[in-house]
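Asks: here is my input, please return the structure:
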Amino acid sequence: NYGLAEGFLASPTTPLADMGDTSDEPLQGEIWLLRHVALYSLGRLDEADAVYAQVQSRGLPPCEMVEPTCFQIRSLALRGRSQQSLRIGAKLLQELGLNMPVSFAGPDTAQRLDAMTRWITDEVAGANPSARPMRDPSTLAVARLLRWLVYSGYHSADMDALAWMLTESQRLWCRHGPSPELVMTLARVPGMLITLRQDYRSGYEITRHAMAVGERFAWEPQATGARYLFAAYACHWFEPLEHAREYFERAFAGLQESKDFFFAAHARFVSLSATFDVVPTLHACDDEIEKALAACRLTANVRIEAILTFHRRFLLALRGQTKDADSFDDERFSEEELLARTAHLPAVRDTLNFLHALNALIVGDAPVLIARAASILSALRSMPGDYKNVHVHVIRALASAWQARTVPAAEAEALLAQARACRDWLPARAAGQ
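Replies: Sure thing, here's the model as predicted:
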């Protein structure tokens, strides 16, 4: 009960400080650390910022700053401040003794990526099986920090940072052995390899291998997290979509069991694109959304709650229960009001545009489809590997073809070329099945 814990932790901090007894400083510091975790878990992120500043002011050794900094990185990324989180994480990495290029942009990125793909080929073939687990505490601290920096890198779509951090994580695995944190980190490889090299296969193999290692050593909740990432960004490119849904279900159950409700809500949201293509009824989709909203309410996860609310409004529009076929509004809900409070958060506006485009495609509203399709193309950069890419390419292909019928021939040719590119992308992805 984070609310109860935060209440207890908040009470003693001021009296201890007022007493001026330096022998209480370790206890005071421990209380700040625990309160930071509680505030983060409650979604009271602005308050958590102030507590993190108190923790920083204590001048702790770098290894002792890793845990609060990881929570702070997550907190900043969730509020669209990923670049700030990368900066504080990079500074701590250097303090931990890791040599890194300026702004993560190294001159040897291509060579590092080549080495990564060779490594997974050998691992899958059994020529270079994973060694004993990592043991060195300082290296484990670096691995933990890299895990959350990679998470933040995806929120900022900073591919230079991701390429360096992910290949560095793979190098740590090779030199020191796997660890629970590296299982989670390498499970995030697909989006980077897809963006930089259109390499779906290596991303799939690396994530599947990381998940298998996590399961072999019974590393929880990291193995569960890797299972979610495999379902979200890799499985569907090479296995039936129903398999991905099974992995999602197992991951959600594991996250619920470990009380990571913040991550559980996110996992359920990401699974919705696959769910829409697999489940037989809209009622089944309703059930998925309600499960995710229940997890959101436990942590005040405003961002995911807004995204899930838009999904629920989309389902109501499909049933004809909103003001108009192209509207998500009714007498009790205003899309613009919710957007005014949440549009600054990552993926909120992109998700709304995507759902309006999908709704327009289904109901045959060409003007809305064309307008919304133009705005979702940029969203592809922020979700490499996500199954939603399939829907976006279908939407873009049909919107471009539809628009080509209404413009002069010179403009139509460019639109038809765009439609063909999106159409050709689909069989290329299906070839892996």
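Asks: return the distance of the helix or strand containing Leu182 from the chain's centre.
Replies: Per DSSP states H and E, Leu182 falls inside helix 180-186. Distance of helix 180-186 from the chain centroid (Cα atoms, centre = their mean, to the nearest Å) equals 14 Å.
Asks: and the helix or strand just after it, average pLDDT?
Replies: Downstream of helix 180-186, the next assigned helix or strand under DSSP H and E is helix 189-197. Helix 189-197 shows a mean pLDDT of 93.
Asks: next, the angle from the next helix or strand after helix 189-197 to helix 189-197.
Replies: Reading on from helix 189-197 to the C-terminus, the next helix or strand found by DSSP H and E is helix 200-216. Orientation note: helix 200-216 sits at an angle of 160 degrees relative to helix 189-197 (axes from the mean of the first three to the mean of the last three Cα atoms, to 10 degrees).
Asks: what angle sits between the helix or strand just after helix 200-216 and helix 200-216?
Replies: Later in the chain than helix 200-216, the nearest helix or strand by DSSP H and E is helix 222-233. Angle between the axes of helix 222-233 and helix 200-216 is 160 degrees (criterion: the same axes, to 10 degrees).
Asks: so which elements touch helix 222-233?
Replies: For helix 222-233, the packing partners by 3 or more Cβ pairs under 8 Å, 6 or more residues apart in numbering; DSSP states H and E come out as helix 180-186, helix 189-197, helix 200-216, helix 241-257, helix 261-270. To be clear about C-beta, it is placed using only N, CA and C from the backbone, and glycine gets the same treatment.
Asks: of those helices, which is nearest Ala340?
Replies: Ala340 lies closest to helix 261-270 among the helices and strands packed on helix 222-233, at 20.8 Å (Cβ to Cβ).
Asks: report the mean confidence score over the closest one.
Replies: 82.
Asks: show me the longest helix that occurs in the chain.
Replies: What stands out as the longest helix in the chain, according to DSSP state H, is helix 409-430.
Asks: other SSEs contacting that helix?
Replies: In terms of contacts (3+ Cβ pairs under 8 Å, 6+ apart), helix 409-430 is packed against helix 388-404.
Asks: quick one on the thing from earlier: return the most buried member of the helices and strands packed on helix 222-233.
Replies: Ranked by average neighbour count under the criterion mean count of other Cβ atoms under 10 Å, the helices and strands packed on helix 222-233 are headed by helix 180-186 at a mean of 27.
Asks: if we can go back for a sec, residues touching the longest helix of the chain, excluding its own?
Replies: Outside helix 409-430, the residues that touch it by Cβ atoms under 8 Å, 6 or more residues apart in numbering are 200, 237, 390, 393-394, 396-398, 400-401, 403-405, 407.
Asks: which among those count as buried?
Replies: Buried members of the contacts of helix 409-430, scored by 16 or more other Cβ atoms under 10 Å, are Tyr200, Trp237, Val390, His393, Val394, Arg396, Ala397, Leu398, Ser400, Ala401, Gln403, Ala404.
Asks: flag every buried residue along the longest helix of the chain.
Replies: Within helix 409-430, judged by 16+ other Cβ under 10 Å, the buried ones are Ala412, Leu415, Gln418, Ala419, Cys422, Arg423, Trp425.
Asks: same thing with stretch 340-349?
Replies: Thr342, Leu345, Pro346, Ala347, Val348, Arg349.
Asks: make a markdown table from those residues and add distance to Glu288 to it.
Replies: Formatted as a markdown table, those follow (distance: Cβ to Cβ, whole Å):
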| residue | distance to Glu288 |
| --- | --- |
| Thr342 | 21 |
| Leu345 | 21 |
| Pro346 | 21 |
| Ala347 | 18 |
| Val348 | 19 |
| Arg349 | 22 |
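Asks: just the residues you listed: which are in helices?
Replies: When DSSP H defines the helices, the subset of the buried residues of stretch 340-349 inside them is Thr342, Val348, Arg349.
Asks: do a quick rundown of the helices in the stretch 251-400 of the chain.
Replies: Under the criterion DSSP state H, counting those that start in this stretch, the stretch 251-400 of the chain carries helices at the ranges 261-270, 272-278, 282-299, 302-318, 335-342, 348-363, 366-376, 388-404.
Asks: the inter-axis angle of the longest one versus helix 302-318?
Replies: Spelled out, it's helix 282-299. 160 degrees.
Asks: how far is helix 282-299 from where the chain is centred?
Replies: Using Cα atoms, centre = their mean, the offset of helix 282-299 from its chain centre is 18 Å.
Asks: list the contacts of that helix.
Replies: 41-43, 252, 256, 261-262, 264-265, 268-269, 271-272, 275-276, 279, 301, 304-305, 308-309, 311-312, 315, 318-319.
Asks: let's see it at 6 Å
Replies: 43, 261-262, 264-265, 268-269, 275, 304-305, 308, 311-312, 315 (Cβ atoms under 6 Å, 6 or more residues apart in numbering).
Asks: and of the buried residues of stretch 340-349, the nearest to Glu205?
Replies: Nearest to Glu205 among the buried residues of stretch 340-349, with distances taken as Cβ to Cβ, is Ala347, at 27.1 Å.
Asks: how far does the helix or strand harbouring Leu162 sit from the chain's center?
Replies: Element membership for Leu162, per DSSP H and E: helix 159-176. Remark: helix 159-176 is offset 18 Å from the chain centroid, using Cα atoms, centre = their mean.
Asks: low-confidence ranges, the protein, go.
Replies: For the chain, applying pLDDT under 70 flags the ranges 1-29, 32, 41, 125, 127-131, 377-382, 433.
Asks: how much space between the closest residue to Ala306 other than its chain neighbours and Arg44?
Replies: Sequence neighbours aside, Thr342 is the residue nearest to Ala306 in space, at 4.0 Å (criterion: Cβ to Cβ, 6 or more residues apart in numbering). Applying Cβ to Cβ, to the nearest Å, the value for Thr342 to Arg44 is 17 Å.
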